[in-house]
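Novice: missing the sequence, but the structure's below:
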């Protein structure tokens, strides 16, 4: 598909541009730091902010804010999703000095903007800092990077993971719903014997694997304030990789590329029976596999040892204020409203299926109802529970675009029988360190 | 006779190979979202094309139509103006003797070797300095440049515009500009069509420039708009159907341009080739 090649192209362009940004960050915007630290209103009169986001229907949410806040008007700009080009645009704009006031940044991309000194610390604003407790703890950690006071963005949405499964097929074949990964592997054999695949292993989208690793306790990156460490092959990650490698080698999972019609069809034709996915996956199945309406249910993710309660996360983004914004205070107020106000959260959920990052948000009326596609199960209660079970200490690296691209190459080879997932991660480890070094980001080996 | 059958078979295979994606696109555009995954990809289910088009042109206040108009403005405008510029430049290089002519020509030619992709980022920084990023001009102005068109125009002007004719025009008192527009440009017409078509396709396909320059949705060309939607399919799966129908509609201008102008194009290509 064209999209893939464009993404690859952008990934190759991102390195030189990052470098440009890194070189220039010292000579610009020294003046804005002071005002950001104080976080005071920038002017008495009305201001207009620009906000770049690729959330479908975001204009309708912003309209509500604009109607209530005549002095802080927000203008929406848009583009493709982050890795599809908008992040690259942000970096270019930061370099050129015409970045928007606010931008949507996914959690896994936030560190790269932080490293390039592109973000304003909105934690300096009293009401933002106070709002910390409204958010599910792990989402706040994604924007604070563990800093007690700082916040380089306001959490927007979350992607807690759970197990989507075909209740009818499991019942008909007398297979119990797996609650541990051992049971899941055993069920995979039975499902294969019954003519299906237990799931489809996402071969080119590494985010799912990251979510599975997150649950298992793997921690890919760490930053001690000075140096980054890269750990794509720690014991927990290896455990997850070996587990899925085993299923792939035994041909117990299918391996069609994700987000294609072929992939939809695997679910629609009842060939794939489960999907360990994030909350937004509920909508992907419903639209991709309409023939299976009413037959799916959601259960908590299988655990590594029985009785544990741990979930992974896949996706989620924040609203960040860019360095160079002339109105950081006003921008922070908007970001806070957008992601904590119940009316805004309801609209975001309605328009774009965003799943809130606040505790109060997970009990929105729309998220407390039964969903017809899932046999009227109140599936969002499962995800609300899962969101509280996501470990808070997972850190993304500052060059995820490159890491994803490298790992994804290895994963594709592994599913077609060349090499293994562990080998792919080992290669990605080496090239990630290389990428960090080439961008002059300090890294400990 | 045997070889003829062989040739036809190869051509037939190529035709099927090239038309299959367009056929798939057309069939896909006639399906609703459920049928899109559920039915055979290369054959029709219920015919929903008209409904789909209506949904597309009304979605988000008809932003798709706006994108189509933008594309036509960027592409048609830049190709037309760019062709005139390239023709004038190539003509001058072919017909006037002045110091540094070959140097100038070689510099222009080396421009052919620089891919548009590599220029997008520097252009963005320049336009940002001028405060003109995220405007119509940020995409339009860089699209006017067409070094290959200059090359083609020079070759063709040298071959098809006789010196004697220009002498005669000068003796009759016609100015150089007037001669160019009334006499020379007509002789160069087949080449101009070729340049126009090449330019049209190049601008239409230059995806990276608008991607980097534009953040206001109302300025997007259709390629960027559809790409944007396509990246949102994970969040809003209904968009997939709109992207398919949109892609079908967005290729029509190109198809029309080619069908109308291909006769000239072939002539122009041939003329460029012998020199």
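Specialist: Perfect, thanks for sending it. Remember, it's a predicted structure, so these values are computed and weren't measured experimentally.
Novice: touching, residue A:231 and residue A:223? I think so.
Specialist: No - at 11.8 Å, residue A:231 does not count as touching residue A:223 under the criterion of C-beta atoms under 8 Å. C-beta coordinates here come from the backbone N, C-alpha and C atoms, glycine included.
Novice: neighbour count for the two, which is higher?
Specialist: residue A:223 (20 against 17; other C-beta atoms under 10 Å in any protein chain shown).
Novice: who's in contact with that one?
Specialist: Contacts here follow C-beta atoms under 8 Å, 6 or more residues apart in numbering or on different chains; on that basis residue A:223 touches A:111, A:145, A:229, A:395.
Novice: residue B:150 too?
Specialist: B:86, B:89-90, B:93, B:105, B:108.
Novice: residue A:423 too?
Specialist: A:410, A:414.
Novice: and the residue nearest the centre of chain A, what are its phi and psi?
Specialist: In chain A, the centroid-proximal residue (C-alpha atoms, centre = their mean) is residue A:315; its distance is 1.9 Å. Main-chain torsions, residue A:315, degrees, to the nearest 10: phi 100, psi -170.
Novice: give me the number of residues near residue 145?
Specialist: Defaulting to chain A. So residue A:145, with other C-beta under 10 Å, has 16 neighbours.
Novice: please refer instead to chain B.
Specialist: Residue B:145: 17 neighbours (other C-beta under 10 Å).
Novice: now residue A:172
Specialist: So residue A:172, with other C-beta under 10 Å, has 10 neighbours.
Novice: not counting its neighbours along the chain, what's nearest the residue nearest to the centre of chain A?
Specialist: Once flanking residues are discounted, residue A:315 sits nearest to residue A:159: 3.4 Å by C-beta to C-beta, 6 or more residues apart in numbering or on different chains.
Novice: helices of the stretch 151-300 of chain A, start to end?
Specialist: A:167-172, A:181-193, A:206-216, A:235-249, A:261-268, A:281-288 (DSSP state H, counting those that start in this stretch).
Novice: just put those in CSV and tack on distance to residue A:87.
Specialist: Listed next are these as CSV, based on distance: least, C-beta to C-beta, whole Å:
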stretch, distance to residue A:87
helix A:167-172, 39
helix A:181-193, 33
helix A:206-216, 15
helix A:235-249, 25
helix A:261-268, 25
helix A:281-288, 23
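Novice: so which of those comes closest to chain B?
Specialist: helix A:281-288 (3.4 Å; C-beta to the nearest C-beta).
Novice: tell me what angle the closest one forms with helix A:206-216.
Specialist: 140 degrees (axes from the mean of the first three to the mean of the last three C-alpha atoms, to 10 degrees).
Novice: buried ones in stretch A:68-78?
Specialist: Buried residues in stretch A:68-78, defined by neighbour count with 16 or more other C-beta atoms under 10 Å in any protein chain shown: A:72, A:74, A:76-78.
Novice: of those, which are in range of chain B?
Specialist: A:77-78 (C-beta under 8 Å from any C-beta of the partner chain).
Novice: pretty sure residue A:354 sits against residue A:57.
Specialist: No - with contact defined as C-beta under 8 Å, residue A:354 does not reach residue A:57; the gap is 10.1 Å.
Novice: these two: which has the busier surroundings?
Specialist: Neighbour tally, residue A:354 and residue A:57, criterion other C-beta under 10 Å: the higher count belongs to residue A:354, 26 against 16.
Novice: now that one, what are its backbone angles?
Specialist: Here residue A:354 shows phi and psi, under degrees, to the nearest 10, equal to phi -70, psi 140.
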